[in-house]
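Visitor: What shape does this take:
(chains A and B, ligands or ions: 1)
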Amino acid sequence: MTPSASPATAPTAAERPAPSVPGVGRRLLRRPAAVTAIVFLAAVIAAVLLAPVIAPYDPLAQDLQNILAPPSAAHPLGTDTLGRDVLSRLLFGGRSTLTGAAEALVVLLLIGVPVGVSCGYFKGAYDAAVMRVVDVLQSIPVIILLLVVLSVFADSESAAMITLGLLGLPGLIRVLRGNTMVLRDTLYVRAARSTGLTELQLVRRHVLPRLVGPVIVQSSLFASSVVLAETGLGYLGFGVQPPAPSWGNMVGEAAGVIDRQAWLLVPSGALIALLVLALGVLGDGLRDASAEAWSGLPAARPARRRRSAGPGREKAGPAETRRDGSERRSGETSAPSERRAPADGALLSVRNLTVAVPLGGELTTVVRDIDLDVLPGQTVGLVGESGCGKTVTAMAVLGLLRGGGRITAGQVLFEGRDLVGLSGRELRAVRGTGIGLIAQDPIGSLDPGFTIGSQLAEVVRLYERCSRGRAKARAVELLSLVRIPEPAAVAARYPHQVSGGMAQRVGIALALAGSPRLLIADEPTTALDVTVQAEILDLLLSLRDEKGMALILVTHDWGVLADVCDEAVVMYAGEVVERSPVDEVFRMPVHPYTTALLESNPASTVRGSRLDAIGGTVPPPGAWPDGCHFQDRCGLVQDVCRTSPVALRPLPDGRSSRCLRHDDAARLRKVSP
Amino acid sequence: MRRIVRWSVTSTVLTFAVSALTFVLVSLTPGDAARAVLGRDATPEQYRQLRAQLGLDEPLAVQYWHWLVRAVHGDLGTALSTGQPVLRTLEQRLGPSLSLITGALVVSALLGVGLGVLSAVRGGAVGRALDLLSMLGLALPSFWLGLVLVAAFAVALPIFPASGYVPLTDSPWEWLRSLALPVLTLGIGGSATIAKQTRDAMLDEMGRDYIVLLRARGLPERSIVLRHALKNAAVPVVTVLGLLFVGLLSGSVLAETVYVVPGLGSTAVTATQAHDIPLIQGVALCFTVIVITVNLLVELLYGRLDPRSRG
Ligand code: SF4
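Guide: Predicted coordinates:
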């Protein structure tokens, strides 16, 4: 629209370096829109350059008998006010636009590339000074300065285009600076530095080649704004003077006869718009292609691409995940285990729960056939290495799956009612008041835009339907309940103004506001300082006892499990592999994975001993082996383990195990508990 | 507070930069103001006298200083083409321009934020349709779009006047009618920019942890989107709004010419055509002051929206 519109969006373009060009080029050619844009641009440029050869008429030849004619065989785009052939005039008229764009681009690149790269490379005071200038440049209204230049330089279009190139610098400099900053710290540049290359050689060999992508993206977006500006100036009567044609002055001429022949507006205007569109599409396509090449994944939409999206860190879909029972597909992911009845009197009974998340365009099962029981007031620990599906399981109970995940099978019976398939409204009634949640990252779990007090008051009002004043008072009460000193002062603070430990206390207060019967705490202390971890955990436990809540504790910490949980649920690669009372787990594990975890943590009943460091890695979703998921790391593996899926089976003593040799599992233990 | 300090530094530099830049550019011209006033037939003696009278024989820096001192006292010189004081002309032209640009900004913000939120929340087809729309909105040259709107809604269907401007004080209704098409012309491109930014910012916010926690507390989705996510997403959008305003200033030059609105932009165009340097300098300075004011508003709004910026 206006020349400064694209610099406005440019800073978001790419804060990361692009990979080298070939990969990007190949990916670009896989995008039909970008290919169309390239073909169109090439055709327009060729046609304009070849105008003297291919134009059907002399662009100045008048035919006063035949003015303002609509398109016909003789004049494919009609004729203008003096009966001149519009097509021929368009072909000749493009010259000033293309020349102008070339001039502006040359200026932009000659200055922008060295300045941008040096800013990012050397940083420091030089960089700060340049960025100030860039700030100022960005605030100059483009056209007005062009007009000043035109009035001073006697309508010299080249002067205007050079100015335009200068005004386009902020966008390019910002992007190149950002990219260079990242590049200069990458491993291979540091490695190259140690081989004794001079800084200049370093930049030329290792930095510049990788900046080609962003430069082309910026150039393309900038060219589109130059086309708009150049034709705009032409329309205003600057630059090429009639009778010689330019796209801009053709629009101006059409404006004069708008009430007699509106068609005349179409050829010139549409051509400009298409050209700008093509440059925009090309720029966006290049940016997406290079982002894709960078991440190695086809990127679905721009905003999601900014962060890497592993299964665990998957960003949420735009809308809340619908838990619609009708979407369950039976058979395909059906559980091998027999249907097990919910435990008597259980507060929560999860049965055969299976969750799938779209990964790389395919719906991939991330946890399957989960069974879980929580009795009122009981504390159940969910343990296992990272990537085993503990968090997904916990979140699925609340129906809050990220990244478009959905429950594809199973039940979540809370107080006897299946939460799977409930409407959004019914689910909301359970959340907060029936089941509460405490998350891992305490500060990230609070809305940065509101004070702690107002976030508490908001949920209080939701649960209690009370007055604002009452809610405020209750918010302070809740803060003192979680033993925050000076609760009123803390209520007035914003999340970024409190420590992680304090934020987690607030998180607990928020979860308690609705007096839930079940609290799900997803590694509530992992992100905290070791010194406050115990404090927060003890607070959580004493509140659990005070309120008689049941607790599902997702944890890495074997010691915490031993200390505070009644029941242990061990997960491995998306499955529950063992369910046992905590004492039994330590005495006699019934799954080799549990044994391995215990083995690797000799001091395991002491808090703070994390379960990691067993040989091998957890197979990720989508790469689970047939048969037992643990087969590749199991010391007891036999051929039968590899043939068919192993079911979670109840044992005579009331525990469950997903191992064909559960009796032998405990024998792997060398260290006695 | 740090941002406000930064703003004042940038503003001061900007004012000096623009005025000094125009001043230096002007001094580069072959014929100077004396030549322009006297025409070709003047005697060298007359020419020298007028130069001395206008202070053109002094060093450039001194001239700039004098100009600056006069400018601070509200004397921006006399427009060569009309003989009127530049300041008077600017005062008369400010109203229409501000009406147009503010209108366009309001339309862009409302339409852009609305569409952006909608496409972020609904995703899928709505998102793609919006992508297409905003691409088009950014690609259509504003002057051409203006002419097409005239052809459609002033010529073919005479709903709005094709051109002209009625001051608010004359008739609020006619004022609105006269602004409708120019505002729409600028607002379409503007809302495309804002919609894109809003959608990206909203998608970013909706993917954050606190949103999941708000849902886990049972808050209604409407409040999560409109109260929580939007407030945080507004922070980057407001920054873009400031840049958009600068863009709209440029756009207004074209739109005012298309719709014959007697504003600053069309004044700049006629001044340029007439090589009326004092007037174009005045307009440039005026634009700069407007930009600075808007930047200040953006900084203040930013401080209100983002508690982190307050420290
Ligand atoms: S089923 Fe076989 S492979 Fe799996 S844990 Fe048991 S013994 Fe090991």
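Visitor: give me the low-pLDDT residue ranges for the stretch 151-300 of chain A?
Guide: A:155, A:187-189, A:291-300 (pLDDT under 70).
Visitor: Chain B contacts on that one?
Guide: Residues of the stretch 151-300 of chain A found near chain B (C-beta under 8 Å from any C-beta of the partner chain) are A:151-154, A:224, A:228, A:231-232, A:235-238, A:251, A:254-255, A:258-259, A:262, A:265, A:268-269, A:272-274, A:276-277, A:280-281. Yep, even glycine has a C-beta here, placed from its N, CA and C like the rest.
Visitor: let's see 6 Å
Guide: Contact residues, the stretch 151-300 of chain A versus chain B (C-beta under 6 Å from any C-beta of the partner chain): A:151-152, A:228, A:231-232, A:235-236, A:251, A:255, A:258-259, A:262, A:265, A:269, A:272-273, A:276-277, A:280.
Visitor: Would you write a PyMOL line that selects the buried entries of the residues you listed?
Guide: A single PyMOL command is used to select the members of these judged buried by 16 or more other C-beta atoms under 10 Å in any protein chain shown:
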select buried, chain A and resi 151+152+228+231+232+235+236+251+255+258+262+265+269+272+273+276+277+280
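Visitor: Out of the residues of the stretch 151-300 of chain A next to chain B, name the ones that lie in helices.
Guide: Among these, the members found in helices (DSSP state H) are A:151-152, A:228, A:231-232, A:235-236, A:251, A:255, A:265, A:269, A:272-273, A:276-277, A:280.
Visitor: Which strands or helices does the helix or strand where A:L91 lies pack on?
Guide: A:L91 is part of helix A:86-122 when elements are defined by DSSP states H and E. If you count contacts as 3 or more C-beta pairs under 6 Å, 6 or more residues apart in numbering or on different chains; DSSP states H and E, helix A:86-122 packs onto helix A:32-49, helix A:157-167, helix A:169-184, helix A:208-236, helix A:247-256.
Visitor: Is it possible to get TSV of those helices that adds distance to A:L427?
Guide: Converted to TSV, the helices and strands packed on helix A:86-122 look like this (distance: least, C-beta to C-beta, whole Å):
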stretch	distance to A:L427
helix A:32-49	39
helix A:157-167	53
helix A:169-184	42
helix A:208-236	43
helix A:247-256	56
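Visitor: For B:R308, which of these is the nearest?
Guide: With respect to B:R308, and counting by C-beta to C-beta, the nearest of those is helix A:169-184 at 21.1 Å.
Visitor: Dump that closest one to CSV, restricted to CA.
Guide: The C-alpha trace of helix A:169-184 is given here as CSV (Å, rounded to 0.1, in the frame of the first residue of the first chain):
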residue,chain,number,x,y,z
LEU,A,169,17.5,0.5,4.7
PRO,A,170,16.0,0.0,8.1
GLY,A,171,14.2,-3.2,7.2
LEU,A,172,17.3,-4.8,5.5
ILE,A,173,19.7,-3.6,8.2
ARG,A,174,17.6,-5.0,11.0
VAL,A,175,17.2,-8.4,9.4
LEU,A,176,20.9,-8.8,8.3
ARG,A,177,22.1,-7.6,11.7
GLY,A,178,19.9,-10.2,13.5
ASN,A,179,21.0,-13.0,11.2
THR,A,180,24.7,-12.1,11.5
MET,A,181,24.5,-11.9,15.3
VAL,A,182,23.2,-15.5,15.4
LEU,A,183,25.7,-16.7,12.7
ARG,A,184,28.8,-15.2,14.3
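Visitor: Next, the buried residues of it.
Guide: Across helix A:169-184, burial judged by 16+ other C-beta under 10 Å covers A:169-181, A:183-184.
Visitor: Please read off the pLDDT at A:N66 from the model.
Guide: Per-residue pLDDT puts A:N66 at 80.
Visitor: what about whichever strand or helix holds B:T257, near chain A?
Guide: Taking DSSP H and E as the definition, B:T257 sits inside helix B:230-258. Yes - residues of helix B:230-258 contacting chain A under C-beta under 6 Å from any C-beta: B:K231, B:N232, B:V240, B:L243, B:V246, B:G247, B:L249, B:S250, B:G251, B:V253, B:L254, B:T257.
Visitor: how about low-confidence regions in chain A?
Guide: The model of chain A has pLDDT under 70 over residues A:1-24, A:155, A:187-189, A:291-343, A:601-615, A:669-673.
Visitor: ugh, wrong one, I meant chain B
Guide: B:1, B:26-41, B:54-57, B:310-311.
Visitor: Would you mind listing the outside residues contacting stretch A:29-37?
Guide: Stretch A:29-37 is contacted by residues A:L28, A:A278, A:V281, A:L282, A:G285 when judged by C-beta atoms under 6 Å, 6 or more residues apart in numbering or on different chains.
Visitor: buried set for that stretch?
Guide: A:R31, A:A34, A:A37.
Visitor: and which of the residues you listed is nearest A:E546?
Guide: For these, the minimum distance to A:E546 (C-beta to C-beta) is 59.2 Å, reached by A:R31.
Visitor: how about that closest one, phi and psi?
Guide: Dihedral angles of A:R31 (phi, psi; degrees, to the nearest 10) stand at phi -100, psi 110.
Visitor: A:I435 now?
Guide: Dihedral angles (degrees, to the nearest 10) for A:I435: phi -130, psi 130.
Visitor: measure the residue in the stretch 1-150 of chain B that the ligand sits nearest to to A:G360 for me?
Guide: Proximity of the stretch 1-150 of chain B to the ligand (C-beta to the nearest ligand atom) peaks at B:G123, 40.8 Å away. For B:G123, the distance to A:G360 (C-beta to C-beta, to the nearest Å) stands at 18 Å.
Visitor: OK, contacts around A:R205?
Guide: With C-beta under 6 Å, 6+ apart as the criterion, no residue contacts A:R205.
Visitor: Next, count neighbours for the residue of the stretch 1-150 of chain B closest to the ligand.
Guide: Neighbour count for B:G123, taken as other C-beta atoms under 10 Å in any protein chain shown: 19.
Visitor: picking up where we left off before, closest to chain B out of the buried residues of stretch A:29-37?
Guide: A:A37 (10.9 Å; C-beta to the nearest C-beta).
Visitor: Excluding sequence neighbours, find me the nearest residue to residue 95.
Guide: Using chain A. Nearest non-adjacent residue to A:R95, counting by C-beta to C-beta, 6 or more residues apart in numbering or on different chains: A:V48, 6.1 Å away.
Visitor: that's the wrong chain, I meant chain B
Guide: Per C-beta to C-beta, 6+ apart, closest to B:G95 is B:P167, 6.5 Å.
Visitor: With only the CA atoms kept, save stretch B:133-145 in PDB.
Guide: Only the C-alpha atoms of stretch B:133-145 are listed here, as PDB (Å, rounded to 0.1, in the frame of the first residue of the first chain):
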ATOM      1  CA  LEU B 133      -7.200 -10.700   1.600                       C
ATOM      2  CA  SER B 134      -4.300  -9.200   3.400                       C
ATOM      3  CA  MET B 135      -2.000 -10.000   0.500                       C
ATOM      4  CA  LEU B 136      -4.400  -8.300  -1.800                       C
ATOM      5  CA  GLY B 137      -4.900  -5.400   0.600                       C
ATOM      6  CA  LEU B 138      -1.200  -4.800   0.600                       C
ATOM      7  CA  ALA B 139      -0.700  -5.200  -3.100                       C
ATOM      8  CA  LEU B 140      -3.400  -2.800  -4.400                       C
ATOM      9  CA  PRO B 141      -1.900   0.600  -5.000                       C
ATOM     10  CA  SER B 142      -3.800   3.000  -2.800                       C
ATOM     11  CA  PHE B 143      -4.300   5.600  -5.500                       C
ATOM     12  CA  TRP B 144      -5.700   3.000  -7.800                       C
ATOM     13  CA  LEU B 145      -7.900   1.400  -5.200                       C
END
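Visitor: which non-adjacent residue is nearest the most centrally placed residue in chain B?
Guide: Chain B has B:L249 as the residue nearest its centroid, 2.4 Å off, counting by C-alpha atoms, centre = their mean. Among residues not flanking B:L249 along the chain, A:P141 sits closest, at 4.1 Å (C-beta to C-beta, 6+ apart).
Visitor: Only the buried residues of stretch A:548-559, if you could.
Guide: By neighbour count on 16+ other C-beta under 10 Å, the buried set for stretch A:548-559 is A:M549, A:A550, A:L551, A:I552, A:L553, A:V554, A:T555, A:H556, A:D557, A:W558, A:G559.
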